[in-house]
Structures are given as C-alpha cells and as structure tokens.
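Trainee: Any chance you can model this:
(chains A, B, C and D)
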There are 2 protein chains.
Amino acid sequence: MADIKSGVNPLFLREEELRQGMELLFYAYRDFTDEADAMLVRYKLGRAHHRALYFVGRHPGISVSELLAILRITKQSLARVLNDLVRQGFITQTAGMSDRRRRHLELTPKGLDLERQITEKQRTRIARAYRQAGAEAVEGFRKVLLGIVNEHDRRLLQPPAAAERAGSTTLPTPKRP
Amino acid sequence: MADIKSGVNPLFLREEELRQGMELLFYAYRDFTDEADAMLVRYKLGRAHHRALYFVGRHPGISVSELLAILRITKQSLARVLNDLVRQGFITQTAGMSDRRRRHLELTPKGLDLERQITEKQRTRIARAYRQAGAEAVEGFRKVLLGIVNEHDRRLLQPPAAAERAGSTTLPTPKRP
DNA sequence: GCATATAAGTCAACATGGCTGACATAAAAT
DNA sequence: ATTTTATGTCAGCCATGTTGACTTATATGC
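Mentor: Purely as a prediction, here's the structure:
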C-alpha cells in the first residue's frame, strides 16, 4: 500500500509507461494522417489512394503482390484505388521482362508531383519533430518503432548496410535524385 | 554530381531520413493495431469500439465531448459504438453532479476486463520493443512522437509534473491500482 | 508438351466506420 | 425568459475494408 501511495509501485509504473507509449502512437498517427487527408480532399482522393501512391513512389517498379504485402489489404481493395490512379495518369503499369505476369508499378511525373504535394506537410511535421527532439532522440524513435514492427518487415527496414549484406529478398530500393 | 554518387548529398539524406520515419510510423501502427483487431473479432467488436473502450478506461469519468475531442470523430459516429458498449454492459454513463447535462463515462468491471484482454498483446509488444531498445531509446521515442502531436494535445500529454503545475484544463487522470 | 501453380484482374455482395444534415431534450448561463 | 451548451437520435451517404467465385496469361515442374 505504501508502494502505491508513494508512486513507486514498479508494476504501476511499467503499466503507465506502456500505456503512454500506446497513446502517443495513437495521437501521433492521428495528427500525422489528418494532415495528408486535408490535402487529399482537394484531389478527390482518399487515404487509401495516398498509401498506394506513397509506396509506389518509394519503391519504383514494385509489383502488385509486393504492394499488397506492405498494405496488408486484399487485392480487390487495392484494385479499386490502383485503377483510379492508373486511369488518372498517376501510376503506370508495365509487364515484367523476366516474368511477364508481373506488373511493375511506377509513378508518372504527374504522380510524383501529386505524391510530393500530399506528403509535403507530413514531411515538414516530421522534420520539425526531429529537429526539436535532436539526433539522439531520433535514433531512439527509430529503434523503438522498428521493435514494434513484425520481425519479417523489421529486417527489410534495417539500415541499408545490413540489408545489402543479406543478399535481399528486398523490395526495389528508392532511387536517389 | 559527386555528392550524389558518393551519397553525401545532404538534401537526399534528409529526405531519406524523413521518409524512413514516416514509413516506420506506418508499419508500426499497422502491426500494432492488427494485434488488437484479431482479439476484437472474438467479441464481435470493431476497432472503433476498442478506441472508445481504451480511452474511457484511461480517463475514468470522461465526458462525451472530451472523448470526441480525443477520437476526432463526430458524435454520431461515437454514438454508434458507445451505445453498443453501454448496452452490453461494458460502460456506464452517469450524469454529472455539478453539471447534470454531462454524461460521465466509466468502465464496468466487465468493461475493464475486456479492455485488458484486448490490449494485452499490444502491451506485450510495446514492452518487448522498449526492453530491446533500452531506456534511452524510449526517451527519444517519446520525445519525437510528442513532437508530432499537435501543440494542444502535446501539453496535455506532457510529463505529469508539468501538467499539474499548469492548473489543468486536463482530463481526469488515470487512477492508480 | 501437358499439368499445375502463380500473378493479376474482375464481378458481386456485404460490413464497418467515417461523414452531413436535421431535429429533440434537458440543463446551464445570461 | 431567452439563449447556449451537452447530449442523443434518425436518416442516408461514402470510402474502404472484407469474402467468394471465376478468368486470363504466363511460368514452372515433371
């Protein structure tokens, strides 16, 4: 009882700490996505469109099934937004050379532009948070988030050095400007 | 050009760093919520129910409008899930003493139980990530996430010491066990 | 070369959880 | 006494997730 009143009950502290982390994740994600959503309404697109756009931009030449694995949705759900984006000229699909069943997705210049616009404010927000928190905090941020991600994807997201060492079942990596 | 090839282009590094952060947030949130979702199907409840349940558990006696401010949804949307939870005996509503228009929400013992069960795996996951990353990393994780949250809520989420100093427009704080 | 497996696309129907708009009630505040 | 606030409710719409069934083209294994 003395423990509880003096606030040194280690079980309580642990629980409180964990809950704070869970909430922080909720609040940060909420505010982070709100920002893109506001931009999306102008283009009459939804959050699902943004996600597809983002990851295609991030992994140029990604296949449909790889994209599905990232988004963790069904192909029927993806088809809906992907077809929109292709029809509106934001994304191109080209059959693979070695395996012609595969469709490799890429952003058109127009798509690249759109992606940049939508993500713009999000980048600024993260940048500000990074700047205010400092390099060391950013390192911790990454470490913890990475620990929350499932083991499989965690490997793929590891620092590039480690990923290259591994011979890579990896996705196409972002191209430098 | 030499900059780009040698990978020391500071603009590229910055962009890459920010995108990594954005993605990490996506992946972590995806895997974090998946876990609760799996549990929720057993009780025939949705993610929206869980969010309400969680925050009522976290802020016993919270009013409807306060809850709305956290969730950032319309009262019509909230009503749907809240009514379910009340009807099924997970949450009680009691009129405020000073202001009898207000409905103060609380978890019943049954609701508390449910909340614990659903959040169980999420807590374990965060705990594991914290343990692996270390105390310093956790500090950084919090700092950065807090920086992503909007200013208003950031204040409310600050370390309790600071919040108490502030005379508090704050929500009811969690009770210790 | 034929059988089977894989990658992708499509149609249809359904569930969840957001949204807007309109309106009602009770209690507080002016 | 009037107005404002907190909450609740009805009705309908939309975005985005789901399952299930089926097609087409291509690759792969025997």
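Trainee: Unless I'm misreading it, residue A:121 sits right up against residue A:35, doesn't it?
Mentor: Yes - Residue A:121 is within contact range of residue A:35, at 4.7 Å (criterion: CB atoms under 8 Å). Where C-beta positions appear, they are placed from N, C-alpha and C, glycine not excepted.
Trainee: So between these two, which is more surrounded?
Mentor: residue A:35 (19 against 15; other CB atoms under 10 Å in any protein chain shown).
Trainee: Make sure residue A:55 is indeed in a helix.
Mentor: Yes - looking at residue A:55 with DSSP: H, G, I helix; E, B strand; the rest coil, it is inside a helix.
Trainee: ok, and the closest non-adjacent residue to it?
Mentor: Using CB to CB, 6 or more residues apart in numbering or on different chains and skipping residues adjacent in sequence, the residue nearest residue A:55 is residue A:70, 5.4 Å away.
Trainee: Break down chain A into its helices, ranges please.
Mentor: A:2-6, A:10-42, A:47-58, A:64-71, A:75-87, A:109-133, A:135-148, A:151-157, A:160-165 (DSSP state H).
Trainee: Run a quick neighbour tally on the residue nearest to residue A:55.
Mentor: Residue A:70 has 21 nearby residues by other CB under 10 Å.
Trainee: where does chain A have low pLDDT?
Mentor: Residue ranges of chain A with pLDDT under 70: A:1-10, A:13, A:159-177.
Trainee: 50 instead?
Mentor: By pLDDT under 50, the weakly predicted segments of chain A are A:162-168, A:176-177.
Trainee: Quick one: name the residues of it near DNA strand D.
Mentor: Proximity of chain A to DNA strand D, by CB under 7 Å from any atom of the strand, involves residues A:44-49, A:51, A:72-74, A:76-78, A:80-81, A:98-101.
Trainee: Separate out the buried members of those residues.
Mentor: Neighbour-count burial (16 or more other CB atoms under 10 Å in any protein chain shown) applied to those gives A:45, A:48-49, A:51, A:78, A:81.
Trainee: circling back: could the helices of chain A be laid out in a markdown table, adding distance to residue B:115?
Mentor: Listed next are the helices of chain A as a markdown table, based on distance: least, CB to CB, whole Å:
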| stretch | distance to residue B:115 |
| --- | --- |
| helix A:2-6 | 20 |
| helix A:10-42 | 11 |
| helix A:47-58 | 27 |
| helix A:64-71 | 28 |
| helix A:75-87 | 29 |
| helix A:109-133 | 29 |
| helix A:135-148 | 20 |
| helix A:151-157 | 27 |
| helix A:160-165 | 38 |
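Trainee: Out of the ones you listed, which is closest to residue B:152?
Mentor: helix A:10-42 (10.0 Å; CB to CB).
Trainee: of all of chain A, which residue lies closest to DNA strand C?
Mentor: Of all residues in chain A, residue A:65 sits closest to DNA strand C, at 2.9 Å by CB to the nearest atom of the strand.
Trainee: right, and residue A:75 touches residue A:69 too?
Mentor: No - counting by CB under 8 Å, residue A:75 stays clear of residue A:69, with 11.0 Å between them.
Trainee: Against residue B:41, how distant is whichever residue of chain A sits closest to chain B?
Mentor: Per CB to the nearest CB, residue A:140 is where chain A lies closest to chain B, at 2.3 Å. Counting by CB to CB, to the nearest Å, the gap from residue A:140 to residue B:41 is 34 Å.
Trainee: So those two - more neighbours on which side?
Mentor: When neighbours are counted by other CB under 10 Å, residue A:140 and residue B:41 differ, and residue A:140 comes out ahead with 23 against 9.
Trainee: what sits against the more buried one?
Mentor: Neighbour list for residue A:140: B:133, B:136-141, B:143-144 [criterion: CB atoms under 8 Å, 6 or more residues apart in numbering or on different chains].
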